[in-house]
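J.: just the structure for this:
(chains A, B, C and D)
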Protein chains: 2
Amino acid sequence: MWDVSFIPLRPGSLSGPVTERSDAVRNRERLLGAARELIDECGADGLTMDRLAERAGVGKGTVFRRFGSRAGLMMTLLSDAEADFQARFMFGPPPLGPGAPGLERLVAFGAARIAYVLEYGELARAADESAYNRFDVPAAVLWHRHIELLLREEGMDADPRLMAMALSATLDPERLLHAVRVHGIAPERLAESWRELVTRVVRGA
Amino acid sequence: MWDVSFIPLRPGSLSGPVTERSDAVRNRERLLGAARELIDECGADGLTMDRLAERAGVGKGTVFRRFGSRAGLMMTLLSDAEADFQARFMFGPPPLGPGAPGLERLVAFGAARIAYVLEYGELARAADESAYNRFDVPAAVLWHRHIELLLREEGMDADPRLMAMALSATLDPERLLHAVRVHGIAPERLAESWRELVTRVVRGA
DNA sequence: CGTCTAAACGGACTACGGTCCGGATAATAT
DNA sequence: ATATTATCCGGACCGTAGTCCGTTTAGACG
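T.: Have a look, this model is predicted:
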């Protein structure tokens, strides 16, 4: 059994010099701790980079050197949950993981993604605010490829890549959160609607 | 034939006092002219509210009083094209307008929307940056309702509202633009994929 | 222990969207 | 023409994300 390293949410987060200076390590941990505190107290939207720097007792430059941007920080905070989610749909038990038919895995994927968004939605939304490359973040590419793979497995004859793109759009955190929070749509109805959607798309093949 | 007033892209843009002071009219026109100039020269992303105010020879406060926000300005700039688009799918000739079967109208709607986004994409994206209520802007609600209506017409048995939501997500300007500009996907392939998608969704009923 | 250097630090600085309010002015009434 | 007032104007001001660069320091080497 080989090493199962997950796809990072944030590009480049695995690069850089192998050893990190001790003050860098200390500051990174201070910052992550302070960030979690602030999010507990004020919500993700209430976290500003200035306040974070102040709370962590660190200069503002340090915050940006560590995380690159606000979105990068949010991705880092999400990375544990994200790694867990990835492990579950790639290597976990069926129907989410391998072993079940493609269609069932697709249905389960949507349900799991909806649950994920409901739990970490604010963070996910904040992590997506990065303007231009939200769709090319490694984790997003992985979800996309996963959906595409399952579509192919089900014999999708239309362009599977574009179909996967269309289906991914449906699971966008901002939209899901909006449906639930603003329109008061029950998460189960969203999951049910996803089931209908993928079933029709796959069956139509 | 009654008055066919279009659904405004921007909420509240029809309210306010009936008569506008002459200096207000003059400044609004100066601002719209300057905005079009700046977008021609620097693209939509290169338009900042400060530069716009300066170019129009007007105070910054005036810009925000007129348009409320940067997104509001972009919506105003789009409103002609938007009104035209709305008129075409609501009252124009088939297959986009009434007279064709629901499925054909859906297919045509997607194609028209894709063409619209390709033409006015930058503006549309800038108009959507308004954070929280992009999905509840009147024009977006109208597209949504239109799709829902056509789905019902085709006898959609699953929740038509949520299905319409899923299909709308696919036509999101940001995603479409990203697919074309970054991934180099040909617009015709997007339209074809949309056709496959709605066909399967409707046929699966 | 002293020297050296690459890495990290910090906070002043910029650009931007958006707000506010004292002052100017167009429309109207007299 | 003058006075009145509701509307509009302008630009100083604020909070925020992100950058820059002179200064500090961890840690390796002699």
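
J.: what residue is smack in the middle of chain A?
T.: Residue closest to the average C-alpha location in chain A (C-alpha atoms, centre = their mean): residue A:82, at 5.6 Å.

J.: so that residue: helix, strand or coil?
T.: helix (DSSP: H, G, I helix; E, B strand; the rest coil).

J.: and residue A:183, by the same measure?
T.: Per three-state DSSP, residue A:183 ends up coil.

J.: report how many residues lie close to it.
T.: A count of neighbours around residue A:183, defined by other C-beta atoms under 10 Å in any protein chain shown, yields 12. C-beta coordinates here come from the backbone N, C-alpha and C atoms, glycine included.

J.: ok, now the one 4 residues further on?
T.: Using other C-beta under 10 Å, residue A:187 has 15 neighbouring residues.

J.: distance from the chain centre to the helix ranked longest in chain A, please.
T.: What stands out as the longest helix in chain A, according to DSSP state H, is helix A:102-128. Computed by C-alpha atoms, centre = their mean, to the nearest Å, the separation of helix A:102-128 from the middle of its chain amounts to 8 Å.

J.: so which elements touch that helix?
T.: helix A:70-91, helix A:138-153, helix A:173-181, helix A:187-203 (3 or more C-beta pairs under 8 Å, 6 or more residues apart in numbering or on different chains; DSSP states H and E).

J.: as JSON lines, those helices with mean pLDDT would be great.
T.: JSON lines is the format used below for these (pLDDT from 0 to 100):
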{"stretch": "helix A:70-91", "mean pLDDT": "96"}
{"stretch": "helix A:138-153", "mean pLDDT": "97"}
{"stretch": "helix A:173-181", "mean pLDDT": "95"}
{"stretch": "helix A:187-203", "mean pLDDT": "97"}
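
J.: okay, those helices in TSV with distance to residue A:129 next?
T.: Output for these, formatted as TSV (distance: least, C-beta to C-beta, whole Å):
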stretch	distance to residue A:129
helix A:70-91	6
helix A:138-153	14
helix A:173-181	9
helix A:187-203	22
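
J.: CSV for these, including distance to DNA strand C?
T.: Below are these laid out as CSV (distance: least, C-beta to the nearest atom of the strand, whole Å):
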stretch, distance to DNA strand C
helix A:70-91, 13
helix A:138-153, 22
helix A:173-181, 17
helix A:187-203, 29
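
J.: closest to residue B:31 out of the ones you listed?
T.: helix A:173-181 (30.1 Å; C-beta to C-beta).

J.: can you give the contact residues for the closest one?
T.: A:114, A:117-118, A:121-122, A:124-125, A:128, A:169, A:185-187, A:190, B:135, B:162, B:165, B:169 (C-beta atoms under 8 Å, 6 or more residues apart in numbering or on different chains).

J.: what's around the closest residue to residue A:147 other than its chain neighbours, how many residues?
T.: Using C-beta to C-beta, 6 or more residues apart in numbering or on different chains and skipping residues adjacent in sequence, the residue nearest residue A:147 is residue A:164, 4.2 Å away. Residue A:164 is flanked by 21 other residues according to other C-beta under 10 Å.

J.: now do residue A:22
T.: 8.

J.: and it, its phi and psi?
T.: Backbone torsions for residue A:22, taken as degrees, to the nearest 10, come to phi -60, psi -40.

J.: distance check, it against residue A:68.
T.: Here residue A:22 is placed at a distance of 22 Å from residue A:68 (C-beta to C-beta, to the nearest Å).

J.: same deal with residue A:46?
T.: From residue A:46 to residue A:68 the distance is 21 Å (C-beta to C-beta).

J.: rewinding a little: please name whichever of the helices and strands packed on helix A:102-128 is nearest to DNA strand D.
T.: helix A:70-91 (3.7 Å; C-beta to the nearest atom of the strand).
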